[in-house]
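> Sequence plus predicted model, see below.
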There are 2 protein chains.
Amino acid sequence: MKKVSLKDIATAAGVSTALVSYVLTNKEKEARVGEEIAKKIREIARKLNYQPNHIARSLKSGRSFTIGLIVADISNPFFGHIARTIEDEAKRNNYTVIFGSSDENAAKSGDLVNVLLNRQVDGLIITPAEGSEQQLRQLQAQNIPFVLIDRFFPDMAASYITVDNYQGAKKAVEHLIRKGRQRIGMIAYKTTLHHISERKRGYQEALQAHGHDAGRSLLKTARYSHLKEDMQLAIDQLLNSRHRADAIFFATNSLAIEGLKYINERGIRIPDELAIITFDETDALDLFYCPVTFVRQPIAEMGKAAVRVLLEQINQPHKGIEHICIDTTLVVRKSCGKRR
Amino acid sequence: MKKVSLKDIATAAGVSTALVSYVLTNKEKEARVGEEIAKKIREIARKLNYQPNHIARSLKSGRSFTIGLIVADISNPFFGHIARTIEDEAKRNNYTVIFGSSDENAAKSGDLVNVLLNRQVDGLIITPAEGSEQQLRQLQAQNIPFVLIDRFFPDMAASYITVDNYQGAKKAVEHLIRKGRQRIGMIAYKTTLHHISERKRGYQEALQAHGHDAGRSLLKTARYSHLKEDMQLAIDQLLNSRHRADAIFFATNSLAIEGLKYINERGIRIPDELAIITFDETDALDLFYCPVTFVRQPIAEMGKAAVRVLLEQINQPHKGIEHICIDTTLVVRKSCGKRR
DNA sequence: CTTGCATCCTTAAACGTTTAAGCATATTTT
DNA sequence: AAAATATGCTTAAACGTTTAAGGATGCAAG
């Protein structure tokens, strides 16, 4: 049972394929197709259950109506959520999504970009990995539309969707300060990626603004690739020093989860011994015996915006880049304790 | 800067496109291409940074080297993990993955199938929704290769990858019995999907085999679409009756998470007041104050198997269907308490 | 009766590949 | 020397669409 093509319909209707194409793409008016025959063609198409061959159409039009999505890891619920909203929004616009996971690795990300481009995606939505500027500049040189999401490179003129990471971090730390915490630590990824830098900056400036010690000693980092070991070390350092930290601000949900696992292991009581606050929400934070206060990123909004901006770039190539920065919200729960 | 095509290379080298194609697809031998010119062609291709147009290739070959993946919801980490392993395994075989989320809705799933087929995917990996048998049979009638994963329909002759849900559930309940629990409840989705039925059957038969009350009263269901309300009702019913349940077995991770949220809200202590066990692992279960004992599905293995079976079906159309059933493992933690 | 203009439809090229078939030319075999 | 084979390349069709251009017919206007 071969697939039905325009030619089959044309033969059945005794007309040329051109006519069939005009009718089935609703160009009857422009092409002045007779009412009778149009009806007949539609009828036959329905009866044969004609499904247009998207690939042929793409080849002709040079557009695939496909978006390439590169995230760090699709199995991380944060990126899963992003993927989901992008999927939904893309579908609303008759686009489909091909995805790939970069594991925060620039080389992998580069491979992925190439694979996706060979598949003729019309544009890309990317959570760029550290060190991937070069790739992105190449995309720009090739005039491939793309939008960065979650992170971006401040000195690259590219469209991006981000949240106000600086303010978000500041809110988090100020919340801890309001709760009377004195020695506030932070654990972030060891990366130069701008969103993380901004969170660090928010942390440090909030501390300074309130006369807290903002030395380096309370800001720890962990490698994405050695999360577990580095996390344990970081927490041990924060908690074993003479001036033991009484609060930890995690820069992302994956850090928070890994960190809380170890904190549980060590039997540290939240919030009495230690206050916890983090970026990003996830089920795990709800279920923690002491629900974790967090900085919420409006993921749905970000995903939608990314698709919108990308489609604009695709359809209006001279539109110019767009920067969208959305505010975060602090969702207060119990992990920072009461004022003390 | 237009994309470089075979023709551009051919022009530059002063040969026909055919020759270029032969060389760049490594068919020099069969096509008896001269060594000199082959080298020259490769050189030019490299210099022009030629990237083959996958779409044109697909149109010609009738194969897109693309797999369609339909899951219930890509933002659910369980499906995110599946997607990730499928992505990796597909990439190893030079395939890419287009995905869509069905939200357990047969109509949505049908739309998705159509979208993906129009994109000429070579095959599909599907977590079928309830009531989607008809769609699948249509796929069979059209000779579209597909593999079911996670669930399947026992009276449909289609390839599938599943775990032994019956045994998995049985193990879970037997563990509770060994721990001395007397009134073991179960909360499942309200669905006729076979994997859930099997888990229910495992639950019931384990109870019977050990002389426990296996009446209907302790087996509750919740609708996927009204999870929160139904879950609260189910738990209230299990815990408010005269013969209060002393253990709950959740049929999936999403049920467990929703359930534990409410259990936390009600302030019920695990494992003393209530033992908890569930299918599927997720970070949230690790972080719970009392780490949750669960039945592990070997997701990586399942994803790999799904890709392998699908590619076999694509490449050897007369191979016949394949059923793969993998064992689960019980991962014991603290949520079922000590023997009592 | 021509001319012009609608109306309705067909032709054919194009998108970028792949690949069977064919055509020279050179080399070997008989 | 003729025939057979080998070598190295080109031609052209095909995949399923889209769409500009053109052809044929009918009809109204001059």
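Nice, thanks for sending it over. Remember, predicted model here, so these are calculated numbers, not experimental data.
> Only C-alpha atoms from now on, for both contacts and neighbour counts.
Fine.
> neighbouring contacts of the lowest-mean-pLDDT helix or strand in chain A?
Ranked by mean pLDDT, DSSP states H and E, the helix or strand of chain A with the weakest confidence is helix A:28-31, at a mean of 87. Outside helix A:28-31, the residues that touch it by C-alpha atoms under 8 Å, 6 or more residues apart in numbering or on different chains are A:22, A:34, A:38.
> Nearest to DNA strand D among the residues you listed?
A:Tyr22 (5.1 Å; C-alpha to the nearest atom of the strand).
> Can you give me the neighbour number for the closest one?
17 (other C-alpha atoms under 10 Å in any protein chain shown).
> list the buried ones in the helix or strand that it is a member of?
Using DSSP states H and E, A:Tyr22 sits in helix A:17-24. Applying a neighbour-count criterion of 16 or more other C-alpha atoms under 10 Å in any protein chain shown, the buried positions in helix A:17-24 are A:17, A:19-24.
> Also near DNA strand C: which of these, exactly?
The subset of these within reach of DNA strand C, by C-alpha under 7 Å from any atom of the strand, is A:17, A:19.
> close to DNA strand C, is the least confident helix or strand of chain A?
Yes: using C-alpha under 7 Å from any atom of the strand, helix A:28-31 reaches DNA strand C at A:Ala31.
> what's the burial count for A:Val15?
Neighbour tally, A:Val15, other C-alpha under 10 Å: 14.
> Actually, A:Asn26.
What A:Asn26 shows, counting by other C-alpha under 10 Å, is a neighbour count of 12.
> distance of it from A:Arg32?
Note on A:Asn26: its distance to A:Arg32, by C-alpha to C-alpha, to the nearest Å, is 11 Å.
> Next: A:Ala256.
64 Å.
> Show me which of these two is the more surrounded one.
Neighbour count, other C-alpha under 10 Å: between A:Ala256 and A:Arg32, A:Ala256 has more, with 29 against 12.
> Now the more buried one: closest residue in space, sequence neighbours ignored.
Counting by C-alpha to C-alpha, 6 or more residues apart in numbering or on different chains, A:Phe250 is the residue found nearest to A:Ala256 once chain neighbours are left out, at 5.4 Å.
> Then A:Glu322?
That would be A:Ser159: by C-alpha to C-alpha, 6+ apart, it lies 4.7 Å from A:Glu322.
> Return the residues in contact with the one you found.
Contacts of A:Ser159 (C-alpha under 8 Å, 6+ apart): A:146-148, A:309, A:321-324.
> redo that, cut-off 10 Å
Counting by C-alpha atoms under 10 Å, 6 or more residues apart in numbering or on different chains, A:Ser159 touches A:145-149, A:152, A:306, A:309-310, A:313, A:320-324.
> tell me which of the residues you listed is nearest to chain B?
A:Pro145 (13.5 Å; C-alpha to the nearest C-alpha).
> which ones are touching the closest one?
So A:Pro145 contacts A:121-125, A:139, A:158-159, A:309-315, A:317, A:321 (C-alpha under 10 Å, 6+ apart).
> rewinding a little: kindly reformat the contacts of helix A:28-31 as CSV and extend each row with pLDDT and distance to DNA strand D.
Listed next are the contacts of helix A:28-31 as CSV, based on pLDDT from 0 to 100; distance: C-alpha to the nearest atom of the strand, whole Å:
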residue, pLDDT, distance to DNA strand D
A:Tyr22, 96, 5
A:Gly34, 92, 12
A:Ala38, 95, 13
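> Out of the residues you listed, which is nearest to B:Arg84?
Using C-alpha to C-alpha, A:Tyr22 comes nearest to B:Arg84 of these, at 41.1 Å.
> my read: that closest one touches A:Arg32, true?
Yes: using C-alpha atoms under 10 Å, A:Tyr22 is in contact with A:Arg32, at 9.2 Å.
> Spit out the residues that contact the two alike.
Contacts common to A:Tyr22 and A:Arg32, judged by C-alpha under 10 Å, 6+ apart, are A:Ala38.
> Just want to check the distance between the one residue in chain A that gets nearest to chain B and DNA strand C.
With C-alpha to the nearest C-alpha, the shortest gap between chain A and chain B falls at A:Ala284, namely 3.6 Å. A:Ala284 sits 47 Å away from DNA strand C, going by C-alpha to the nearest atom of the strand, to the nearest Å.
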